[in-house]
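# Sharing a model that was predicted from the sequence below.
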Amino acid sequence: MQYDLRVTTSQLTRQLDTLGVEAGGVLLVHAAFSKIAPVEGGPRGLIEALLATLGERGTLVMPSMADDDDTPFDRRSMPCRAVGALADCFWRMPGVLRSDSPHAFAAFGPQAACITLPHPVDVPHGLYSPPGRVYELNGQVLLLGVGHDADTTIHVAEDIAGVRYRQPKHATVMEDGGPKRYEYGETDHCCENFRLLDCWLEAEGRQRRGRVGNAEARLARSHDIVSAALERLRRNEAVFLHERGSCGECDAARAGAVPWRKGG
């Protein structure tokens, strides 16, 4: 005998509510749908459960950045498969707004227009980016089947702290009717040590864990993530970087460091 092991939309909604997703709030989601599945309705079924939990006054936000740095970004057509099936499904849904940037985010709800306003190409996840706006709106961050290494909100803390490390990056945008390649230094590294947020947040009861679908879920307030990260960054700017010589990405970030600038 075969059994249907799919998690229903109503079960997902109950799990999200039990975890602590706030009705009427702003929720930034990073997810690996393959870890959550199988669920009723596939990615769209999970999105419907998220929207049902948030209610009509809530706003759902997901990453929606370009897959291709060499092709001019078009928010109407460029996929974002690199950030997962859930995110790539979300921006295509009716009524969802998508910011016009290679580092795009998509949003649906009363705060969507504010969250998807223009943001700098050369500071992808700073205070004036969609994750920064979620932070300013006192939103929550939900990690489904992924850890804090996928949490863009920690980059907001790095921006506020004024960290100097950078990696050389480029992105292509349309400007004056033609493609323009932007060369810039991005606050980036391997992000593996972002996992430190688990113990920092949980030591103070500022992160909740549970299950959504078949995946482990983490939920924390954006303010708490930024506060915990900032506290450590102000003690040690390199707290998220591996020791010299042990990680190529972290070494590249150190090599691209810019002169000191005072953070917020």
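Looks like it came in fine.

# all contacts plus neighbour counts: C-alpha atoms, from now on.
Will do.

# And the pLDDT at Tyr182?
We have a pLDDT of 89 for Tyr182.

# Quick check, it in contact with Thr172.
Yes - taking CA atoms under 8 Å as the definition, Tyr182 is a contact partner of Thr172 at 6.0 Å.

# Hmm, Pro131 and His125 touching each other?
Yes - between His125 and Pro131 there is a contact at 6.3 Å, judged by CA under 8 Å.

# Check the contact lists of those two and give me the overlap.
Common neighbours of His125 and Pro131, counting by CA atoms under 8 Å, 6 or more residues apart in numbering, are Thr152, Thr153, Val156.

# Can you list the low-confidence ranges for the stretch 1-150 of the chain?
Applying pLDDT under 70 to the stretch 1-150 of the chain flags residues 1-5.

# Relative to the whole chain's centre, how far out is stretch 211-219?
Computed by CA atoms, centre = their mean, to the nearest Å, the separation of stretch 211-219 from the middle of its chain amounts to 16 Å.

# still on that earlier bit, so between His125 and Pro131, which is more surrounded?
Pro131 (29 against 26; other CA atoms under 10 Å).

# Give me the more crowded residue out of Tyr182 and Thr172.
Neighbour count, other CA under 10 Å: between Tyr182 and Thr172, Thr172 has more, with 21 against 14.

# partners of whichever strand or helix holds that one in the sheet?
Using DSSP states H and E, Thr172 sits in strand 167-175. Partner strands for strand 167-175, per DSSP bridges, with pairing direction: strand 178-186 (antiparallel).

# Give me the buried positions along the strand it pairs with.
For strand 178-186, a neighbour-count test (16 or more other CA atoms under 10 Å) marks Gly185, Glu186 as buried.

# neighbouring contacts of it?
70, 72, 121-124, 166-174, 256.

# Next: stretch 125-139.
25-28, 105, 114-120, 123, 140, 152-153, 155-160, 221-223.

# how about the closest residue to Cys191 other than its chain neighbours, what does it touch?
Using CA to CA, 6 or more residues apart in numbering and skipping residues adjacent in sequence, the residue nearest Cys191 is Asp149, 5.2 Å away. Shown in contact with Asp149 (CA under 8 Å, 6+ apart): Cys191, Glu192, Asn193, Phe194, Arg195.

# now swap in Phe240 and tell me
By CA under 8 Å, 6+ apart, the residues touching Phe240 are Cys191, Glu192, Asn193, Phe194.

# now do Arg254
Arg254 neighbours (CA under 8 Å, 6+ apart): Tyr165, Arg166.

# And it, its phi and psi?
Arg254 adopts backbone torsions of phi -60, psi -40, taken as degrees, to the nearest 10.
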